[in-house]
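[1] my questions concern the predicted model and sequence given below.
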Amino acid sequence: MKKLEIIIQPEKLEDLKAILDASNANGVMISNIMGYGNQKGHKKIYRGAEYSINLLPKVKVETVVEPDTAEPLIQKIVEEIQTGAYGDGKIFVYEVEDAVRIRTGERGRDAL
């Protein structure tokens, strides 16, 4: 099993949910987060004063999928979510050794 940790801009969340639903992802966890990447935020001018915004709002979406589903899903996300601008986000891929459904005790694929 593969865990996908997808960091995106908040306005792209509905697009990502549609992709995950179409790919039969069994469940997702969504968190509102803040952070910055290579550019360390950006500068804004408010009433003539310049100030730095270095923590930008992001959304983290986590899901666990079958290994054969992971790569096509990643490609679909990249194709449909990217704008070509800084801050589009990242996808981190982790190996999941096991999963256990607490309610029934099912393990592995059955627990998804």
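    Happy to help now that I have it. Everything quoted here is computed from the prediction, not taken from an experiment.

[2] CA only for contacts and neighbour counts going forward, please
    Noted.

[3] would Ile74 count as being in a strand?
    No: counting by DSSP: H, G, I helix; E, B strand; the rest coil, Ile74 is not found in a strand; it is helix.

[4] what sits against it?
    Counting by C-alpha atoms under 8 Å, 6 or more residues apart in numbering, Ile74 touches Ile91.

[5] so it versus Tyr46, what's the distance?
    Going from Ile74 to Tyr46 by C-alpha to C-alpha, to the nearest Å gives 39 Å.

[6] ramachandran coordinates for Asn24?
    phi 60, psi 40 (degrees, to the nearest 10).

[7] report how many residues lie close to it.
    Per other C-alpha atoms under 10 Å, the neighbour tally for Asn24 reads 11.

[8] so after the helix or strand of the chain with the lowest mean pLDDT, what's the next helix or strand?
    The weakest-scoring helix or strand in the chain, judged by mean pLDDT, DSSP states H and E, is strand 42-46 (a mean of 68). Downstream of strand 42-46, the next assigned helix or strand under DSSP states H and E is strand 49-53.
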